[in-house]
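> Using only what follows, build the 3D model:
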Amino acid sequence: MSLTRKAAETLRVFTDRLSVRRDSEPIGTLVSLQYFVSTRSAFVAQKTLYGYLKARMGTRYPSMFEDDVFLQSINIAKSHIFAACLSDLTIYALAQAWTDASPDEAAFRKAALDCFAGALSENSEELSDEFDIDDSIVIFTVRIGQTDWKKDALDRNNFTASPRALVKWAPIADAHKKYDVDIVDNSISFAWSEVRQNFLKRLDREALQQELRHAP
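Sure thing, here's the model as predicted:
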């Protein structure tokens, strides 16, 4: 496979199931909520991972896609970063849905877990074979059990897993990473800002609350 074609195939991250459609319909169902958090998490993971790699590698960036080991590392990294993005956005989205209500905590956590696990399951074919979905679900379960849904979950302070995952899993030498924490954090924070704005514009809070109250 040529360099151009190989790079193009690699840069086509999650396009089959995780492509970001320029939709504008209201988000008032669990199905539409899951679609939103899944596609936008994939978008942020893709944008920030490849942006970081390109910034660090400079002119060597295209040639690295001829390295099979590097390509495998990217696939592992994008899977973990996607899961971290999904964790951040799922919690934020559901917290926003209940800003003016008092949900049953157990039912609320179940809705978050179903959304997170469902998005991972639907996109399992795009995840690395070395990525363990079950482990990711366990980590998320612990997190939602410790989440303050009426405080940090409602704003940018909730988005903590994704910047950590980007620094940890990006195939960049640790000697460089230690200088990049602030830059990476600013990059992913900027990407999330647009996603949050879009979500709040489209959120039909009343309709989503109604469905959540009657969810099995």
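> now the residue nearest in space to the middle of the chain, what's its secondary structure?
By CA atoms, centre = their mean, the chain has its centre lying nearest to Cys85, at 2.4 Å. Taking DSSP: H, G, I helix; E, B strand; the rest coil as the rule, one finds Cys85 in the helix state.
> Could you double-check that it lies in contact with Leu49?
No - applying CB atoms under 8 Å, one finds Cys85 not in contact with Leu49, separated by 10.0 Å. Glycine gets a C-beta too; all of them are placed from N, C-alpha and C.
> related to what we said a few turns ago, dump the residue contacts of the residue nearest to the centre of the chain.
With contacts taken as CB atoms under 8 Å, 6 or more residues apart in numbering, Cys85 has the following neighbours: 40-42, 44-45, 161-162, 165.
> Include distance to Val184, secondary structure and neighbour count when you put the residues you listed into TSV, please.
Shown next, in TSV, are the contacts of Cys85 (distance: CB to CB, whole Å; DSSP: H, G, I helix; E, B strand; the rest coil; neighbours: other CB atoms under 10 Å):
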residue	distance to Val184	secondary structure	neighbour count
Arg40	18	helix	23
Ser41	17	helix	28
Ala42	18	helix	25
Val44	12	helix	27
Ala45	13	helix	29
Ala161	13	helix	21
Ser162	10	helix	27
Ala165	10	helix	24
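> mind showing which ranges of this protein have poor pLDDT?
Low-confidence segments of the chain, defined by pLDDT under 70: 1-22, 59, 61-63, 65, 100-103, 216.
> which stretches of it form helices?
Counting by DSSP state H, the segments of the chain that form helices are 3-11, 15-18, 30-57, 68-97, 105-122, 133-145, 161-169, 174-177, 181-202, 205-213.
> For His214, see how far away the nearest residue to Asp185 once chain neighbours are set aside is.
If you skip the residues right next to it in sequence, Asp185 has Pro163 as its closest partner in space, 4.7 Å away by CB to CB, 6 or more residues apart in numbering. Applying CB to CB, to the nearest Å, the value for Pro163 to His214 is 36 Å.
> Looking at those two, which one has more neighbours?
For Pro163 against His214, the residue with the higher neighbour count under other CB atoms under 10 Å is Pro163, and the figures read 23 against 8.
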